[in-house]
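In: Let's see this in three dimensions:
(2 chains)
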Amino acid sequence: MTARNLLLGLLAVLIAAPAVIGAYPLAVLILVLHYAYLGIAWNVMMGFAGLLSLGHALYVGLGAYVAAALYASFGLPALLGAIPAAIVATLAGLGIGALGFRFRVNGVYFALLTIAFAEFTRILFDHMGWTGGSSGFFLPVEHGQLNPIALRGPPVLFYYVALVMTAGAFVLARSLMRSRLGYAWLAIREDPDSAAASGVDVFRARMAAVAVSSALTSLGGVFYAFYYNNMYPEQIFSMARSIEIILAPIIGGLGTLFGPVLGSFVLTLLGEGTTGLLEHFGWAAPGAKQVIYGLALLVIVMVQPAGLWPWLAKRLRIGRDG
Amino acid sequence: MTYRLRSSRRALLQGAAAAGLAAGLPLGAARAQGPALKIGVILPRSGYLAQAGQSCQRGVDIAPQVLSDLGHRVEVVSVDFESNVDLARTQAEKLIADGANVLVGAFDSGGTSAIAQVCEQKAVPLVINVAAAPQITEQGFKYVFRNFPTSVMLVRNGLSLMKEMFKATNVTPKSGIFIHANDTFGQANRGAIDRLFPTLDMPFKLVDAIAYDPRAQDLSVEVTKCKASGADFVIVTTRAGDAIRLIREMVKQRYEPKGIVSPGSPGMYDQEFYDGLGGYSDYTITNLPWPNFNAPITKRLGEAFAKRFPQARFGVDAFNVGFTFEAMLVAADAAKRAGSRDSRAIAEALRSTDIADHVMTGGTISFDAKGQNNNIASATVQNLKKTPTVVLPREAAQAKPVFPMPGWRGRQA
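Out: Numbering: from 1, shown residues only, chains lettered A, B, ... in the order given. Next comes the predicted model:
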C-alpha cells in the first residue's frame, strides 16, 4: 500500500461520510478534522523545525477574534476576514519568534515565552471592552442561511470546510517538507549549530516556520469562531487549548505528515468511545473517562514513544514520512 | 329492566368506588400518565467545574420523582461535558440524536452557548439552568430559554440588597473595597459593578477594586491592600478555594470589616467553605437567587433531597439544585401544556410559560421575547452556624441579619 492510496481512500471515505452518518458522528468528525488541522499547523513548528510552542492557542484566539470582529462590525465574510486574521497572527508569531531567536531563547525557555504571550493576550482580551472583555464575543445567530463564503450554514458545511482545510494543510505541509526550506528545518531540528555551519540561515528559517504555523493556526481560529459563534478569552486562549492542539501530533508522530491526522482520530475516537462504553456498562462516574483516557495515553506513549504513525507505516509498509 | 337496574346500580357503585380511590390517591399520580418527556441534561460533572456540575446533578437525580408527584412524567438522560466547550457541542448532538425532546443545562456560559447553537439548528428547546452571560439571550436564538439572571441582573440585585440590609440593621459602612477573582466571572462582575455602582445611589464610597488570581495560594498582599485602604466593608467575587484563602488571610491579618458580602458569586456557601473555615465561615453574606424555603414545592424538593442524599445538605446545594430542578419543571410544564413531546410544540408552549408555584425566590416564571426570565429575585444569604440562611427579604427570611459581623476573636476554625 502506498501513502497516496491510503490518503485517497481516506479522503473518499471522508467525502462520502455525511451521506451515511448522523448528526452526532458528524459533529465528532468535525472535531477530529479541526484538531487534525491544528495539529498539522503546530507540527510545522515543532515537528519540522524543532521549535516547541506551548502557546498555540494564541493564534487560534487571534484568528477567531479578528475574523469575528470584522464580520460583526463590517459584515466582512469569513473567507475575506481570514486574510487579516492570518496577518495579525503571523505578525504576533514573528514578534515572538524575533524576540526568542534574536536573544537565543531556546528549548523550554522558548516554550515558556510562547506560554507567556498566550497568557498575556488572554488577559489583554479579558479587559478589552469592544470585544466583550471577559464576558465573551458573540456572533449573531442567522436562521436558515447557507453562505459558504461567510461560513454561515448547517454543520455539514463546516464539515466540508474542515475537510478542505485539513487536506489543504496536509498538501502544504507535504510540499514544505520536500522543499529547500523543509530540509533546512530538518537540519535545524537535528542540530542548529551544524545547520548554521552548513550555510543555513537559522534565524530566517525559524522565522519562516513560525510564520507558516501561526498563519495556519489562525485559520483554525476563524473556523472556531464561526462554528461556535461565541468565544471567551478564558477558553480560546487557554493553556488547556494549547495542550489539546499538541496532543494529536505527539500521539500520532512528531514530524510526520499523517501523524497529526491519525493522532486526532485516535484521541477523539478514544474519548468518545470511552464515554460510550462507560455509559453502556453504567460506569459513567464523573472522572472515570479521564482516568481511562489518561491511562490509554500513557500506554501509547510508553509503547510507541515516536508516535503511532511510524509504527503503523512500518506495518503497512509505507515510507516513514507518509 | 331489572338487569339494567342492577347493572346501573353496579356501575354506580363501581364509579363511586373508583372516585373514592382516585380521591385517596395523590392528584399528581393520577395525572402522571401518558408518554414520558425525554429531557437531556448536560452538565460539567468532571473537569474544573465538577463540583458545581455534581451539585446540579443532585437536582436532576431527584427531579423525576418530584415532577411525577406534580403530575409530570419525565425520562432523564444525563451527560457530562467535562467542562469542555467542544464536548458540550458534541454531547448536545448526541442527546438530540438519541431522541431528547428538550435539553437542560449547562451551568457554564461557554458550554451553554455551544449547546445553544445545536439546539437552534435542530429546533430543540434548551432550558438554561445556570449561565449568566447576558449575550446568550441577545444573540437572536428562538429555542433558548433562560430561567437564570444575567450577570448584570445578579449584580444589580446584589447591590440593592446591600442597601436593604443597611436599612434593616441601621448600620451603614463608610467605605467599601471590591476584591475579585480575575477570571471570566470575576471580570464580568467587575464590569457590572463599575457600571452599576454609580447609578444605584449606594450609601458608601467604593475606594478601590483589587483583582487576584483565583488559583494563587497566597492572598496576603491583596488582603494587606484591603486593610490599608481603611475600607470597613468588603465586596467579594470569589470562586471556591480562593474564598477560603481570602477569609483565612483576613483572620491572620486581623482585618475585621463590618461585613464581607458577595453580590452573587459562588464560594461562600459551598460545603468546602464550611469545612475549611469552621466558625470563621459565619456571618459572611452572599446576595443571590435562593430557594424560598417557605414555598411548598421547595419543602417537597428538600424532602426528596434528604431522602436521596442523606450525607449532603439541601441548604448548601440549594442554589444549584433549585435552578436545575426549576429548568426541568419549566420543560415538563411546557410539554404538558403543549400536549405533545414534539420539540417545536414544546418551544411554542415555553414562550407562554407562567409558573407561579416554583422553588426559587421571585415572581412567576415567564420568558420575554428573547427567552429571558426577568422575574428572578435575589435573597441575602448569611452563613449562620455554618449554614446558609436567608435573612432578607423579610417575607422569605429564616433569621435576622447579623450586621456588623462580630470580630474573628473567639471563633473556632
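In: drop to CA atoms for contacts and neighbour counts, all remaining ones
Out: Will do.
In: Quick one: the helices in the stretch 251-400 of chain B, in order.
Out: Taking DSSP state H, counting those that start in this stretch as the criterion, the stretch 251-400 of chain B carries its helices at B:271-277, B:296-308, B:314-338, B:343-351.
In: a markdown table please, covering these and showing distance to B:Ile39.
Out: Listed next are those as a markdown table, based on distance: least, C-alpha to C-alpha, whole Å:
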| stretch | distance to B:Ile39 |
| --- | --- |
| helix B:271-277 | 29 |
| helix B:296-308 | 19 |
| helix B:314-338 | 8 |
| helix B:343-351 | 11 |
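In: quick one: which of those helices is nearest B:Gly140?
Out: Taking C-alpha to C-alpha as the criterion, B:Gly140 comes closest to helix B:343-351 out of these, the separation being 14.3 Å.
In: quick one: buried residues of that closest one?
Out: Burial within helix B:343-351, assessed by neighbour count using 16 or more other C-alpha atoms under 10 Å in any protein chain shown, is assigned to B:Ser343, B:Arg344, B:Ala345, B:Ile346, B:Ala347, B:Glu348, B:Ala349, B:Leu350, B:Arg351.
In: circling back: check the helices of the stretch 251-400 of chain B for me and report the most buried one.
Out: By mean neighbour count, with neighbours taken as mean count of other C-alpha atoms under 10 Å in any protein chain shown, helix B:314-338 ranks first of the helices of the stretch 251-400 of chain B at a mean of 24.
In: so what does it touch, helix or strand wise?
Out: Taking 3 or more C-alpha pairs under 8 Å, 6 or more residues apart in numbering or on different chains; DSSP states H and E as the contact definition, the neighbouring helices and strands of helix B:314-338 are strand B:37-43, helix B:50-69, strand B:102-105, strand B:126-128, helix B:296-308, helix B:343-351, strand B:387-392.
In: Just give me how far stretch A:283-295 sits from the chain centre.
Out: The chain centre lies 25 Å from the centre of stretch A:283-295; the measure is C-alpha atoms, centre = their mean, to the nearest Å.
In: let me fix that: stretch B:91-102
Out: Averaging C-alpha coordinates over stretch B:91-102 and over its chain gives two centres that are 24 Å apart (C-alpha atoms, centre = their mean).
In: Name the residues that touch it?
Out: For stretch B:91-102, the surrounding residues in contact (C-alpha atoms under 8 Å, 6 or more residues apart in numbering or on different chains) are A:22-24, A:27, B:37-40, B:42, B:77, B:79-81, B:103, B:115, B:118-119, B:124-127, B:331, B:341-343, B:346.
In: Buried residues of that stretch, list them for me.
Out: For stretch B:91-102, a neighbour-count test (16+ other C-alpha under 10 Å) marks B:Gln91, B:Ala92, B:Glu93, B:Lys94, B:Leu95, B:Ile96, B:Ala100, B:Asn101, B:Val102 as buried.
In: Select from those residues every entry located in helices.
Out: Among those, the members falling in helices are B:Gln91, B:Ala92, B:Glu93, B:Lys94, B:Leu95, B:Ile96 (criterion: DSSP state H).
In: Please dump these into JSON lines; it should also carry distance to B:His72 for every row.
Out: Compiled in JSON lines, these are given as follows (distance: C-alpha to C-alpha, whole Å):
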{"residue": "B:Gln91", "distance to B:His72": "25"}
{"residue": "B:Ala92", "distance to B:His72": "23"}
{"residue": "B:Glu93", "distance to B:His72": "25"}
{"residue": "B:Lys94", "distance to B:His72": "24"}
{"residue": "B:Leu95", "distance to B:His72": "21"}
{"residue": "B:Ile96", "distance to B:His72": "21"}
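In: Widest-spaced pair of those?
Out: By the measure C-alpha to C-alpha, B:Gln91 and B:Ile96 form the most distant pair in these, at 8.6 Å.
In: I'd say B:Ser229 and B:Val207 touch.
Out: Yes: using C-alpha atoms under 8 Å, B:Ser229 is in contact with B:Val207, at 7.2 Å.
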